[in-house]
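K.L.:
Structure, please.
(chains A and B)
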Amino acid sequence: SAVISQKPSRDICQRGTSLTIQCQVDSQVTMMFWYRQQPGQSLTLIATANQGSEATYESGFVIDKFPISRPNLTFSTLTVSNMSPEDSSIYLCSVPGLTSSNEAFFGQGTRLTVV
Amino acid sequence: QKEVEQNSGPLSVPEGAIASLNCTYSDRGSQSFFWYRQYSGKSPELIMSIYSNGDKEDGRFTAQLNKASQYVSLLIRDSQPSDSATYLCAVEGGKLIFGQGTELSVKP
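P.N.:
Numbering: from 1, shown residues only, chains lettered A, B, ... in the order given. Next up is the predicted model:
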């Protein structure tokens, strides 16, 4: 599988501010995915980021709140905007497997606490 | 709405026993099924993929799939304390949908 580097690994932010999370992959991938894992919950897909086009957002997630950039085939960012305590979660980037695109491999995650 | 259901647990087994984790899904069109292991404070790690009905074995892990019953399971033989984690079932149906996870505790 690809090596996925995500940063920051954790952050504590003030409400009303924004945080940008970076995801770097050591190989070129067509699609990158951003997930949220709220405390004690499972993973929920936020959006799919394709290089050269707008990200595709899942129901309940909007671009104004979670803008995504995908400038090339190895890098993506997710911004959590105008944060509130309800945004406290783990945010994970994911890429498909090299041998099977159905498989998902995850970065180490960003643990966000909003105070 | 496509759903994936797991018993949340916690499931507690003694060391050396077989741990059985179960998952049901709602989308009959799903073709790919996965088990992820997530240690506390870590990201999910893919441990098994299964695509066809029947059993698939990898070391101490066996995944079982029954598409007719919309049921997938994970058996862990000779459970070790290091297996203590949350196990997430994921089903691919256009996108990956995750269950809520089953917490497994293996007692020495």
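
K.L.:
Any residues of chain B in contact with chain A? List them.
P.N.:
B:32, B:34, B:41-46, B:49, B:88, B:90, B:92, B:95-96, B:98-101 (CB under 8 Å from any CB of the partner chain). Every C-beta, even on glycine, is put in place using the N, C-alpha and C of the backbone.

K.L.:
so where is chain B shaky, pLDDT-wise?
P.N.:
Scanning chain B for pLDDT under 70 picks out no residues.

K.L.:
hey, where'd the strands end up in it?
P.N.:
Remark: strands assigned in chain B by DSSP state E are B:4-6, B:11-14, B:19-25, B:32-38, B:45-50, B:54-58, B:61-66, B:71-76, B:85-92, B:96-98, B:102-107.

K.L.:
Between the ones you listed, which one is closest to residue A:44.
P.N.:
Residue A:44 sits nearest to strand B:96-98 of all those, at 7.8 Å, using CB to CB.

K.L.:
Just give me how far the closest one sits from the chain centre.
P.N.:
12 Å (CA atoms, centre = their mean, to the nearest Å).

K.L.:
Adjacent strands (with direction) for it?
P.N.:
Here strand B:96-98 is paired, per DSSP bridges, with strand B:85-92 (antiparallel).

K.L.:
number of nearby residues for residue 42?
P.N.:
You didn't say which chain, so I picked chain A. Using other CB atoms under 10 Å in any protein chain shown, residue A:42 has 22 neighbouring residues.

K.L.:
wrong chain, I was asking about chain B
P.N.:
Residues lying near residue B:42 (other CB under 10 Å) number 14.
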